[in-house]
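Asks: no sequence on hand, only this structure:
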């Protein structure tokens, strides 16, 4: 089973940037589509972005389109989330998740997730 570890979270001012990383420990990493989710206090977990196993397909939640960019480096077993123009409403714990099915990842559905990371806190101050 793929193990995922997120890093790169922190405190940033509104308008600032952060780059999150999701590191995986498996030789089969390039078989998995990877998504980023986030959960703010008192709110449900929501999908942010997904990237297919090859990196050729991506999808974004409307709330982050044009501000966030997902990418991956299969040689390094890593997926990244570049977050620009951050807003206070982006404050949340961010999680990465691994899918064997690209279709469900691109729809950012909760079924078919094979692994979750432990999360990294992102706090955006106004």
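Replies: The structure has been received and is ready for your questions. What you are looking at is a predicted structure, and each value in this text was computed from that prediction instead of being measured. Numbering: from 1, shown residues only.
Asks: distance from stretch 13-22 to the middle of the chain?
Replies: Mean-position distance between stretch 13-22 and its chain equals 12 Å (C-alpha atoms, centre = their mean, to the nearest Å).
Asks: okay, which residue is most central for the chain?
Replies: For the chain, residue 36 is the residue whose C-alpha lies nearest the centre (C-alpha atoms, centre = their mean; 2.2 Å).
Asks: just the mean pLDDT for the strand or helix carrying that one, thanks.
Replies: Counting by DSSP states H and E, the element that carries residue 36 is strand 33-39. The average pLDDT for strand 33-39 rounds to 97.
Asks: swap in stretch 9-18?
Replies: For stretch 9-18, the per-residue pLDDT averages 98.
Asks: try stretch 43-63
Replies: Per-residue scores along stretch 43-63 average to 97.
Asks: list the buried residues in that stretch.
Replies: 45, 47-53, 55, 58-61 (16 or more other C-beta atoms under 10 Å). Yep, even glycine has a C-beta here, placed from its N, CA and C like the rest.
Asks: residue 85: which of those residues is nearest?
Replies: Closest approach to residue 85 among the buried residues of stretch 43-63 (C-beta to C-beta): residue 60, at 13.5 Å.
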